[in-house]
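Engineer: need a structure here:
(one chain, ligands or ions: 1)
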Amino acid sequence: MDIDEAYVRWAPFYPPRSHNRLMEVEEHALRELLPQLSGRSVLDAGCGTGRYARLARQSGAASVIGVDRSRAMLRQASASDGRFVLADLRSLPFADGSIDIVLCGLALMDVEELDRAIGEMARVLSPGGTLVYSTLHPSGADEGWTRTFETPLGRHVIPSSWHSMRQHWDACEAAGLHVSHHREPAIDGRSPARPVALVVRADRVG
Ligand SMILES: C[S@@+](CC[C@H](N)C(=O)[O-])C[C@H]1O[C@@H](n2cnc3c(N)ncnc32)[C@H](O)[C@@H]1O
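Structural biologist: This is a model prediction of the structure:
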């Protein structure tokens, strides 16, 4: 199954909130790294059904836009959480420097060209703006993780693009972003405790 088809199947079962243990620890870590959202313009890139758009709206953001390339996922998003646009995060339909904060939750495993995605999210950030993103932890590549989701028809595999820590840091640097914080949350109680996600805060330099 290709990625587009996977999201068509997944969308009806993908509520705009954390709905598994990995998402819970990922969201907890991402919230810790957030700058103030109140009064700021926020883009949720790869918004899916609008989980982080909703968080931005509830946090008092001045404007909230969600972008996703899956029509099926966007159809599940709620207009009360923001304005949602069908677009590719590798080619955002926004002017340079026009957005204060870009959030990107668990979307970069779908993107082979990490540099291009991070470069594009950095391009739309205003000077001093902040990108906060999460992805599956790069160690998953070595450990042979398979990304799956469940529907009433069973368990489905979704293809993943893996990027090393070095590729993340290099992509941020090349995009003119300074990585100020990162987190590698693990799921409590699992032994051995292994990080399941990488969450990065990067500020636009200049
Ligand atoms: C696993 S879902 C995460 C959704 C949401 N951000 C969340 O955290 O709940 C990944 C989303 O990224 C979107 N996506 C993947 N590649 C994309 C791209 N190049 N441009 C826009 N959206 C993309 C997918 O369509 C999907 O809705």
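
Engineer: helices and strands around the longest strand seen in the chain, which ones?
Structural biologist: Criterion DSSP state E: the longest strand present in the chain is strand 125-136. When contacts are defined as 3 or more Cβ pairs under 8 Å, 6 or more residues apart in numbering; DSSP states H and E, strand 125-136 packs onto helix 21-33, strand 99-105, helix 114-123, strand 197-204. Backbone N, C-alpha and C define where each C-beta goes, glycine included.

Engineer: Could you work out the end-to-end span of stretch 29-49 for me?
Structural biologist: Using Cα to Cα, to the nearest Å, the end-to-end distance of stretch 29-49 comes out at 20 Å.

Engineer: tell me which residues in it are buried?
Structural biologist: 29-30, 33-34, 37, 40-49 (16 or more other Cβ atoms under 10 Å).

Engineer: Does it reach the ligand?
Structural biologist: Yes. Stretch 29-49 comes into contact with the ligand (Cβ under 6 Å from any ligand atom), by way of 46-48.

Engineer: Looking at these, which is nearest residue 123?
Structural biologist: Distance ranking of these against residue 123, using Cβ to Cβ, places residue 46 first at 15.7 Å.

Engineer: Not counting its neighbours along the chain, what's nearest the closest one?
Structural biologist: residue 107 (2.6 Å; Cβ to Cβ, 6 or more residues apart in numbering).

Engineer: Could you do residue 90 as well?
Structural biologist: residue 116 is the one closest to residue 90 (Cβ to Cβ, 6+ apart), at 4.9 Å.

Engineer: List the contacts of the residue most central in space within the chain.
Structural biologist: Centrality entry for the chain: nearest residue to the mean C-alpha point is residue 105, 1.9 Å, by Cα atoms, centre = their mean. By Cβ atoms under 8 Å, 6 or more residues apart in numbering, the contact list for residue 105 reads 26-27, 30, 44, 46-48, 51-52, 133-134.
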